[in-house]
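J.: 3D model of this:
(chains A and B)
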Amino acid sequence: ELKVEQNPLFLSMQEGKNYTIYCNYSTTSDRLYWYRQDPGKSLESLFVLLSNGAVKQEGRLMASLDTKARLSTLHITAAVHDLSATYFCAVDNFNKFYFGSGTKLNVKP
Amino acid sequence: DGGITQSPKYLFRKEGQNVTLSCEQNLNHDAMYWYRQDPGQGLRLIYYSQIVNDFQKGDIAEGYSVSREKKESFPLTVTSAQKNPTAFYLCAGSRGEGYGYTFGSGTRLTVV
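T.: Now for the predicted structure:
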């Protein structure tokens, strides 16, 4: 059974601080995606990582993929309150996505 | 604007009743998916369809049924056999490998 594990599951941080969310997965996939979900809303695509060593950045968020370690990271730089949301990673397994449990991020002013 | 449209946004089901959730897309995506999300959890795959008139079970298909008679439409029926249907249901489409999913806005189903 394919497993996707995120940690931490909950993250409370002060504005201006840096932190990293980790996503480990159990299959040999080289396609991984990050999504953001606001309370009661659907999922919004953040990053598409399609090869080993891929790195994508958008604003204060940067995602990377290490397919050999089966690990993706989402790094938050100088967090702001607007980044408060739940973040999911998803692994593409023959065009079916398997999601982690999500990391609920709360950025405190 | 192109997108994935789910309706209704909220749905209430009585015990023993079947209900159908609508998912329509105008993105010309071949592949469509249904996921279930329980509070505080990730998404689990119910059914998916890679092409018209064909669909496959996901990890939690029991108590659900789907059809794919048109490329644009992928409705999900929650049957009375699904004993715990209260959840947030998300429909998604994809134009192929490496493109990621586009999600609809979701349907929140509650058993009353």
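J.: interface residues of chain B facing chain A?
T.: Taking CB under 8 Å from any CB of the partner chain as the criterion, chain B approaches chain A at residues B:31, B:33, B:35, B:40-45, B:48, B:50, B:58, B:90, B:92, B:94, B:96-106. Heads up, the C-betas are built off the backbone N, CA and C, glycines and all.
J.: parallel or antiparallel, which strands does whatever helix or strand B:Q50 lives in pair with?
T.: Using DSSP states H and E, B:Q50 maps to strand B:43-51. Sheet partners assigned to strand B:43-51 using DSSP bridges are listed as strand B:31-37 (antiparallel), strand B:54-57 (antiparallel).
J.: quick one: least confident helix or strand in chain A?
T.: Every helix and strand of chain A was ranked by mean pLDDT, DSSP states H and E. The lowest is strand A:96-99, at a mean of 92.
J.: which parts of chain A sit against chain B?
T.: Going by CB under 8 Å from any CB, the residues of chain A near chain B are A:4, A:31, A:33, A:41-45, A:48, A:50, A:88, A:90, A:92, A:95-102, A:104.
J.: quick one, what contacts the closest residue to chain B within chain A?
T.: Nearest residue of chain A to chain B: A:F99, at 4.0 Å (CB to the nearest CB). The neighbours of A:F99, taking CB atoms under 8 Å, 6 or more residues apart in numbering or on different chains as the test, are A:4, A:88-90, B:35, B:42-44.
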